[in-house]
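# Need coordinates for the below:
(2 chains)
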There are 2 protein chains.
Amino acid sequence: MRKVAESTVARLSVYLRQLAELEREGVSTVSSAALACRAGTTAAQVRKDLSFFGTFGKRGLGYSVSELSSELRTILGLGRTWRVALVGAGKIGAALYDYQDFRRQGFYIRAVFDNDPAKIGQRWNGVEVRPASELESVLRGEAIDIVIIAVPASAAQGVVDRVVSAGVRGILNFAPVRLTVPPGVELKNVNMAVEMEGLSFALARR
Amino acid sequence: MRKVAESTVARLSVYLRQLAELEREGVSTVSSAALACRAGTTAAQVRKDLSFFGTFGKRGLGYSVSELSSELRTILGLGRTWRVALVGAGKIGAALYDYQDFRRQGFYIRAVFDNDPAKIGQRWNGVEVRPASELESVLRGEAIDIVIIAVPASAAQGVVDRVVSAGVRGILNFAPVRLTVPPGVELKNVNMAVEMEGLSFALARR
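As a prediction, the model looks like this:
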């Protein structure tokens, strides 16, 4: 299988969102130029990105919105549901728990963990907040695919090591720290503070 | 001024966090190897990243933790405070409002906007949630430097156009959509759904 760049995959996610919007608008076909325009890129880029995965659309006719949407969902692994656990039941964790875009794409949070005795035992729409001591047993018992890390930076690597040892192969990290995982484990970082400092860096250099 | 890659700037943010932790631990000097290890990179990368901005540390002695920390804060534009506005007072917006890492680095949210009549007029630690109709006048009146976009994808480009027209030059976008801004405006994206789909893509291809 050809290696696909992360930036390509990220654009597929953006195309998929634009296709969903087109479907809501009742549009049935779209040209690569029109899709590119909505996604903030070029028609050539759209065609190149899709070419990694097969042949889509008809020359001169464009893409069927529903077909391409369905193909992209399969490519992105969204044709199934994913069992997700959330470690860290603070404000960021709570916002992620309710994040509509996750649920809409099939990412269901089945377990929540925290260290705070005041939070342990709470029920979030039926999902109990459990103590971190139960991490490994619950991850295995619930057959969790993906873990979201929303703990303080200083605790994050320790949590990740335990998550990996419990057999989880996908990690989405919100802690503002660079984490290391062994080969075979997929790690993605969402670093709000780093992006914000990228802005201040650029603005300060003006 | 040499063009500095975004990935370099992102690593500076990570180094700064590690230095802050070292300071809390009472460590006064650190080698590039030790800093690299904590930041999940290599000593050569640390030295290369820093070389863009001058000469730091002494050969064989390493870096002074407090000096390098202070230099990095200046480089990243953190030697001052930034006036920030938040558009979108939903769950994500509320979590960002309370995000400690922003405040700690000098990003202060001075204005909050929403369209929901139930939210307009609420006070978030003294900052009033205002109607979106007042966007331009408040951004100018409050001399806002950076705007955080936490609105639904379909509304995001419209908000950004208004923010740009009001003279704001830094935008941090949380809406799951690719936005376009004119030259001279800095845009950073934090896309949780895209990162999550990057995970499902990788896991599904196993």
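# wait, doesn't A:Val168 sit right on A:Ile144?
Yes. If you go by C-beta atoms under 8 Å, A:Val168 and A:Ile144 touch, sitting 5.9 Å apart. C-beta coordinates here come from the backbone N, C-alpha and C atoms, glycine included.
# who touches both of these two?
Residues touching both A:Val168 and A:Ile144 (C-beta atoms under 8 Å, 6 or more residues apart in numbering or on different chains): A:Ala85.
# in chain A, which ranges drop under the pLDDT threshold?
Across chain A, the ranges flagged by pLDDT under 70 are A:1-2.
# Against which helices or strands is the lengthiest strand in chain A packed?
In chain A, taking DSSP state E as the definition, the longest strand is strand A:107-114. Packing partners of strand A:107-114 (3 or more C-beta pairs under 8 Å, 6 or more residues apart in numbering or on different chains; DSSP states H and E): strand A:82-87, helix A:91-97, strand A:127-131, helix A:135-141.
# try it again with 6 Å
strand A:82-87, strand A:127-131 (3 or more C-beta pairs under 6 Å, 6 or more residues apart in numbering or on different chains; DSSP states H and E).
# and stretch A:120-129, how far from the chain's centre?
Mean-position distance between stretch A:120-129 and its chain equals 23 Å (C-alpha atoms, centre = their mean, to the nearest Å).
# Tell me the span between the first and last residue of that stretch.
End-to-end distance for stretch A:120-129, by C-alpha to C-alpha, to the nearest Å: 5 Å.
# before we move on, what about stretch A:167-179?
17 Å.
# So for that stretch, what gets flagged as buried?
Within stretch A:167-179, the residues scored as buried using 16 or more other C-beta atoms under 10 Å in any protein chain shown are A:Val168, A:Arg169, A:Gly170, A:Ile171, A:Leu172, A:Asn173, A:Phe174, A:Ala175, A:Pro176, A:Val177, A:Arg178, A:Leu179.
# circling back: B:Arg59: which of the helices and strands packed on strand A:107-114 is closest?
Checking those against B:Arg59 by C-beta to C-beta gives strand A:82-87 as the closest, at 41.3 Å.
# Run the angle between the closest one and strand A:127-131 for me.
Calculated by axes from the mean of the first three to the mean of the last three C-alpha atoms, to 10 degrees, strand A:82-87 forms an angle of 50 degrees with strand A:127-131.
# Contacts made by strand A:82-87 with the rest, please.
By C-beta atoms under 6 Å, 6 or more residues apart in numbering or on different chains, the residues outside strand A:82-87 that reach it are A:93, A:106-107, A:109-113, A:143-149, A:151, A:159, B:200.
# how many neighbours does A:Ala43 have?
By other C-beta atoms under 10 Å in any protein chain shown, the residues close to A:Ala43 number 14.
# I meant to write A:Asn125 there.
7.
# likewise the one 4 residues further on?
By the criterion of other C-beta under 10 Å, A:Val129 has 19 neighbours.
# what's the spacing between it and chain B?
17 Å (C-beta to the nearest C-beta, to the nearest Å).
# Not counting sequence-adjacent ones, nearest residue to A:Glu71?
A:Phe56 (6.3 Å; C-beta to C-beta, 6 or more residues apart in numbering or on different chains).
# Please list all residues in contact with that neighbour.
Counting by C-beta under 6 Å, 6+ apart, A:Phe56 makes contact with A:Leu50, A:Tyr63, A:Leu68.
# 8 Å instead?
Applying C-beta under 8 Å, 6+ apart to A:Phe56 gives the contacts A:Leu50, A:Tyr63, A:Glu67, A:Leu68, A:Glu71.
# re earlier: please narrow the buried residues of stretch A:167-179 to those residing in strands.
A:Gly170, A:Ile171, A:Leu172, A:Asn173.
# ok, what's across the strand from the last one?
The bridge-partner assignment for A:Asn173, based on DSSP bridges, gives A:Ile149, A:Asn189.
# deepest of the helices and strands packed on strand A:107-114, which one?
Of all the helices and strands packed on strand A:107-114, strand A:82-87 has the most neighbours on average by mean count of other C-beta atoms under 10 Å in any protein chain shown, namely a mean of 24.
# Just the CA trace of that strand, in PDB.
Output of strand A:82-87 as PDB, limited to C-alpha atoms (Å, rounded to 0.1, in the frame of the first residue of the first chain):
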ATOM      1  CA  TRP A  82     -15.000   3.200  17.000                       C
ATOM      2  CA  ARG A  83     -14.900   2.500  20.700                       C
ATOM      3  CA  VAL A  84     -13.200   5.500  22.400                       C
ATOM      4  CA  ALA A  85     -12.100   6.200  26.000                       C
ATOM      5  CA  LEU A  86     -11.500   9.600  27.500                       C
ATOM      6  CA  VAL A  87      -8.800  10.100  30.100                       C
END
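# in its sheet, what does that strand sit against?
strand A:107-114 (parallel), strand A:146-149 (parallel).
# Buried deepest among those strands, which one?
strand A:146-149 (a mean of 26).
# quick one, domains of chain A?
A:6-75, A:82-195 (automatic domain parsing).
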